Structures are given as structure tokens and as C-alpha cells.
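Peer 1: Okay, here's the prediction I keep looking at, along with the sequence it came from:
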Amino acid sequence: MIRPKILLRLIHINWVLVFHGLDEIVLKTHLFRPIRYLVFLSPTFWLRRGTESRGVRIRRALEDLGPIYVKFGQALSTRKDLLPEDIADELVKLQDKVPPFSSSIARAIIEKELGIPISEAFAEFDDEPLASASVAQVHTAVLNNGEQVIVKVLRPDIEQRIRSDVGLLYELARFAERFWSDARRLRPREVVMEFEKSTLDELDLVREAANAAKLRRNFEHSEMIYVPEVHWPLTRQKVMVMERIKGIPVGNIEQLRAGNADFKLLAERGVEIFFTQVFRDNFFHADMHPGNIFVELPAKYLAVDFGIVGTLSESDQRYLAENFLAFFNRDYRRVAQMHVESGWVPGTTRVEDFESAIRSVCEPIFEKPLKDISFGHLLLRLFQTARRFDMHVQPQLVLLQKTLLNIEGLGRQLYPELDLWQTAKPFLEKWFHERLGPKAKIQKALQQFPELAEQFPEIPALVIKALNDAGHARAQMDQQNRELHLLRKQIERNQNTTLTTILIGAAMIGAAILLQ
Ligand SMILES: Nc1ncnc2c1ncn2[C@@H]1O[C@H](COP(=O)(O)OP(=O)(O)OP(=O)(O)O)[C@@H](O)[C@H]1O
């Protein structure tokens, strides 16, 4: 049964779609069937404006529907291979062009969070926002020491809006599971849950600042990417102050071309940065849409927006690396075996069945030349197949797969000839060598004896102590021997043989205990 609030929201969505001339969607989608006739009540249905392109209409509809839908549109905008170009081009504009909220509200939030007036915190504060995105708004400012910074402020009431939109998404997921058998396999409710978690995580700017700081440390002296520095004294849950970077937005190909950017190097570095983050640092920026990436000519990236990051466990890393290598050798049996052996799919799975399912999904992909194969797409198909065999795909792997699609989309937009496999292969091989080579095996063995490994630094001290103890024991034994000798003399003198035996025995036992 649809709850009244949700029904109202559905009517709202329906209205927004019609308002923006997207009534085809309303009329075609099963979901809106109960309320589809409302379309005819809309004046816009009869007075078709018809002047704007479909891309503009979709973008406007998403903006009107709120931040969650804006984020959805952003995710789609990097997928020129999936979306018609005119729509993708329009969705790119979603990034910085969400209508801003008033600067007086921004000032009030900042002052409340910092507990001091703006004039005390900053030498200058620009009321005109630099960017206004779905979750936050960004202003430029100058610190009292003259440093140029950006001030990121969360949108007012963003949390309630997200919660209510996510509520609706849950409802849609529930419908989908009930009425659409294919959807059940995709576990839409879990997908929404993950989305909710990652979106709500974005609402803590201290957490984002900590992510930025960690990424900055990981690429401290890198030629490939620069991460701006957080200004911690003025950073709170709803306000983050960070060094201002100036670069060319990566989506602005014309400007990059005019500045003689090295497109090939940029595309390769994009892939290299990603694989470094995944396999070396185990910490990756997972919101790589073009609005968050800038370029310093000729080929250095500048990154912002660290709200969503991903990490992988060692077994996830291994899963990825082994699968990629097996895939590219077209060793589907190995892929299937690995899934069964590692317990990713139930032990009862027939390897042959799984192998043939993977083969039928992958062979068409490998029809293309290696350089045109999308890793992200390949992973996606693997997950889809594995799901059919009851594999529970870990959310962090899904996040990684989405990021990979973004990186590939970006790389190919910059340099269509990009050979992903050639760029990625050395990383996977190096990872294998480091993790599974002889040196790694020794390290692993040591890891299995943590107490022993822990005591290694103390071993010299322990040896000295043991020698000291032994020396002490020897001195005591000498003393004991001397006493024994005296005793023996005395016994001889007393000529009491029984007593002699008992005493010698006792003394020898005492000496033995001491020596030990
Ligand atoms: N350090 C910075 N220096 C210069 N510009 C910045 C900086 N940080 C953010 N910006 C600008 O502000 C925009 C929005 O910032 P950010 O992406 O962090 O906000 P957001 O609300 O998380 O947006 P979204 O999640 O929609 O990408 C960026 O696209 C960029 O144009």
C-alpha cells in the first residue's frame, strides 16, 4: 500500500516531468500508471513549449526534483557511452549549477558552526558563491594571513531532504522488487541502502576533510595529482575551509586544447592514479565526476570533493587483481574456480556452470580489441553473472566498479586511443609480485606468528638477560659446589654414610634446580 506522503511525492515527480515536457516518461512508465492521467490536467501538456532540447528538459526536471536526483544525473553524465551525447552534455551542467542558497544563510551557518563572526575568521569573504552543488555551496575567502581558501557550507535542511528522497527511493525499490522479477536479483533495496549511507556520509565535512588530508599525504610529492590542504582550525561538521586551487575543469576540452594539454599523458595518469589508490594505498576517491577534477597544464590533476571514498580489504584487492588477470588471459575456468574456492559463491556451485555463464557474458566483450575493453563494464557483467549464482557483491566493490567506469569515461573522453589494459597491467603484476612473491610469503609467514614478530626487536635484550641469568646461576652453582665440598669433608669427618648420601643428594638437586 502506498503511503500518502509517498503518493504525494510520486504526484510531484509526475508533475515535474510533465512540467518539463517529459510526459513521454510518465505515459510509458508502469510506475506512474495509477496517476498517469494527471498528465492531461497539466496546461503544459496542451501548450507544449517545445523550444528546449530534451537534454535541457531532463536536466531541469532533475534539478527540480532535488539533490538526490541531481546526484543521479551527475553519475550519468560521465557515461557518454551509455547516454546520447546531447543528454550527457547537458547533465554535465548539473555539477555547479544547482541554484544557490542565499549568502546570508551561508554566513549564519558558518558563524554558528565556528562560534565567531565571519569578519573575525576571514580577512575577506565573497558573498557570491563560486559553486553551488547538490549537497553544499562553495564560497571563496581570504584568511587573515592572506591565504586564498574556499569555504564549503552544507545546504540548510539538506539532511531532511535527503532522508525524504531516500525514503521515496526505498519505496520505489520495494515496488520494483515486488512487480519486476529481474529487479529482485539486483537487490534494489540494498542499492538504496548503500546510496543512503554514502550520501549521508557526505553530510559530515570533518570526515570529508580527514579524507582529503589522507589523500594529500598519499600523493604528497606526486607529479600526477595535487590535493589541496585542509585548514583545520576553521573546519566543522557543516563548514570546511580548504586551500583554493585554480585549474582548468577537466570537462573543458576546448580550454585544455588551447593550453596545449598533454591529453595522452592525462588519460594515462588518470588510470595510474586510480590503480595506485586501489592497489598501493587502498584508499580511493570514489566521486570522480568531471566537476571535481581540474587540470594544471600540461598534465597534472587537481582534485576536490572528498565526500565519498572507498577502501578494499586485502581479499577484495586479491579478488580484483586475480580476476582481471584471469579475464585478460580468457581463463574463465580460473575465474569460476576462484569464486568457488574463496567462498564468494556457495560451495555447492558447479564450477562448469559458472564458467560457462561467465564465458557467454565475456566472449562478446573480448570481440573488441583489448584497448577498447572497459574494465568497469567487464566487472559489472561479472557481478551480474555472479549475482545469479548467489554471490553477495560487497558494496565497496560496487563503489569501485562505478569509479572505474567514471575513470574510463573520463580517460576516453580525453584520449580516445587510451589503452587501459597496457596502463593497468603493470600495476596488477606488481601487486602480485609484492603480495604473492617470495618476499611477501616470508612476510606473510611472519604475520602468522604475530607474537614472535612483535618480540623481534626485544630479542637482543632477551639474549643478554638469559646470559646474565646463566652467569648468575653458574656463580651460585660454584658456591653450591664449595658448600658441597665442605659438607662432604664434614661428613667424612662424621663418618655418617647415610646422612652423607641424603645430604649429597639434596645438595645436587638444589644445584640442578638453581642451574635450570
Ligand atoms: N579547493 C577548491 N578550490 C577551488 N574550487 C573548489 C575547491 N573545492 C571545491 N571547489 C569548487 O566547488 C565545486 C563544488 O565543490 P564540491 O564538489 O566539493 O561540492 P559538493 O557539494 O560535494 O558537490 P558534488 O557532490 O555535487 O560534486 C567544485 O566543483 C569546484 O568547482
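Peer 2: Received it, and whenever you're ready, just let me know what you need.
Peer 1: Which positions in the stretch 201-350 of the chain make contact with the ligand?
Peer 2: 228, 242, 244, 245, 291, 292, 304, 305, 307 (C-beta under 6 Å from any ligand atom). The way it works is simple: take the backbone N, C-alpha and C, and place the C-beta from them, glycine included.
Peer 1: Assumed the fifth one was part of a helix.
Peer 2: It stands for residue 291. Yes - looking at residue 291 with DSSP: H, G, I helix; E, B strand; the rest coil, it is inside a helix.
Peer 1: From the structure, what's the count of residues near it?
Peer 2: By other C-beta atoms under 10 Å, 23 other residues sit near residue 291.
Peer 1: Check the third one too.
Peer 2: Counted with other C-beta under 10 Å, the burial measure for residue 244 works out to 17 neighbours.
Peer 1: so who does the residue lying closest to it once chain neighbours are set aside touch?
Peer 2: Spatially, and ignoring its direct neighbours in sequence, residue 244 is nearest to residue 148 (4.4 Å; C-beta to C-beta, 6 or more residues apart in numbering). Going by C-beta atoms under 8 Å, 6 or more residues apart in numbering, residue 148 touches 140, 141, 142, 243, 244.
Peer 1: wait, which of the residues you listed is closest to the ligand?
Peer 2: Proximity of the contacts of residue 148 to the ligand, judged by C-beta to the nearest ligand atom, is greatest for residue 244, which lies at 4.3 Å.
Peer 1: sorry, back to before: of the contacts of residue 148, which belong to strands?
Peer 2: If you go by DSSP state E, the contacts of residue 148 have 140, 141, 142, 243 in strands.
Peer 1: Which strand residues bridge the third one?
Peer 2: The one in question is residue 142. Note on residue 142: beta-bridge partners by DSSP bridges are residue 124, residue 148.
Peer 1: same deal with the last one?
Peer 2: Note on residue 243: beta-bridge partners by DSSP bridges are residue 149.
Peer 1: Let me see the contact set for it.
Peer 2: Residues near residue 243 by C-beta under 8 Å, 6+ apart: 147, 148, 149, 150, 228, 229, 230, 231.
Peer 1: count of residues packed around residue 202?
Peer 2: Using other C-beta under 10 Å, residue 202 has 21 other residues around it.
Peer 1: burial of the residue nearest to it when sequence neighbours are not counted, as a residue count?
Peer 2: Leaving out its chain neighbours, the residue that sits closest to residue 202 by C-beta to C-beta, 6+ apart is residue 307, at 3.7 Å. With neighbours defined by other C-beta under 10 Å, the count for residue 307 comes to 23.
Peer 1: For residue 307, give me its contacts.
Peer 2: Counting by C-beta under 8 Å, 6+ apart, residue 307 makes contact with 135, 201, 202, 208, 211, 287.
Peer 1: Generate the ChimeraX command that creates a selection of the buried members of those residues.
Peer 2: A single ChimeraX command selects the buried members of the contacts of residue 307 (16 or more other C-beta atoms under 10 Å):
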select :135,202,208,211,287
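Peer 1: Generate a markdown table for the contacts of residue 307, with pLDDT and secondary structure as supplementary columns.
Peer 2: Shown next, in a markdown table, are the contacts of residue 307 (pLDDT from 0 to 100; DSSP: H, G, I helix; E, B strand; the rest coil):
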| residue | pLDDT | secondary structure |
| --- | --- | --- |
| 135 | 87 | coil |
| 201 | 87 | helix |
| 202 | 88 | coil |
| 208 | 97 | helix |
| 211 | 97 | helix |
| 287 | 85 | coil |
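Peer 1: Need the max-distance pair from the contacts of residue 307.
Peer 2: 135 and 211 (14.4 Å; C-beta to C-beta).
Peer 1: Give me the phi and psi angles of the residue positioned nearest the centre of the chain.
Peer 2: Nearest residue to the geometric centre of the chain (C-alpha atoms, centre = their mean): residue 310, 1.3 Å. Main-chain dihedrals, residue 310, degrees, to the nearest 10: phi -130, psi 150.
Peer 1: can I assume it is in contact with residue 286?
Peer 2: Yes - using C-beta atoms under 8 Å, residue 310 is in contact with residue 286, at 4.3 Å.
Peer 1: Report the set of residues contacting both of the two.
Peer 2: By C-beta under 8 Å, 6+ apart, the residues touching both residue 310 and residue 286 are 399, 400, 403.
Peer 1: Which of these scores worst on pLDDT?
Peer 2: Lowest pLDDT among those: residue 399, with 81.
Peer 1: State the helix or strand in which it lies.
Peer 2: Element membership for residue 399, per DSSP states H and E: helix 395-414.
Peer 1: what's that helix packed up against?
Peer 2: Packing partners of helix 395-414 (3 or more C-beta pairs under 8 Å, 6 or more residues apart in numbering; DSSP states H and E): helix 188-201, helix 253-258, helix 263-275, strand 284-285, strand 309-310, helix 314-328, helix 375-388.
Peer 1: who's the nearest residue to residue 100 once chain neighbours are set aside bridged to?
Peer 2: The shortest distance from residue 100 to any non-neighbouring residue, by C-beta to C-beta, 6+ apart, is to residue 132 (3.7 Å). Beta-bridge partners for residue 132, by DSSP bridges, are residue 97, residue 137.
Peer 1: if I look at residue 132, how far off is the ligand?
Peer 2: According to C-beta to the nearest ligand atom, to the nearest Å, residue 132 and the ligand sit 8 Å apart.
Peer 1: So what's the residue count around that residue?
Peer 2: Counted with other C-beta under 10 Å, residue 132 comes out at 18.
Peer 1: residues in the chain within reach of the ligand, list them.
Peer 2: With C-beta under 6 Å from any ligand atom as the criterion, the chain comes near the ligand at residues 74, 95-96, 130-131, 133-136, 138, 150, 152, 228, 242, 244-245, 291-292, 304-305, 307.
Peer 1: just the buried members of the residues you listed?
Peer 2: Among the residues of the chain next to the ligand, those classed as buried by 16+ other C-beta under 10 Å are 74, 95, 130-131, 133-136, 138, 150, 152, 228, 242, 244-245, 291-292, 304-305, 307.
Peer 1: rewinding a little: what about the ones in strands among the contacts of residue 148, which one has the most neighbours?
Peer 2: If you count neighbours using other C-beta under 10 Å, the busiest of the ones in strands among the contacts of residue 148 is residue 141, which has 22 neighbours.
Peer 1: Correct me if wrong: that one contacts residue 240.
Peer 2: No - judged on C-beta under 8 Å, residue 141 makes no contact with residue 240 at a distance of 11.8 Å.
Peer 1: which neighbours do those two share?
Peer 2: residue 151.
Peer 1: pLDDT wise, what is the residue of the stretch 351-500 of the chain found nearest the ligand at?
Peer 2: Here the stretch 351-500 of the chain gets closest to the ligand at one residue, residue 406, 12.0 Å apart by C-beta to the nearest ligand atom. pLDDT for residue 406: 85.
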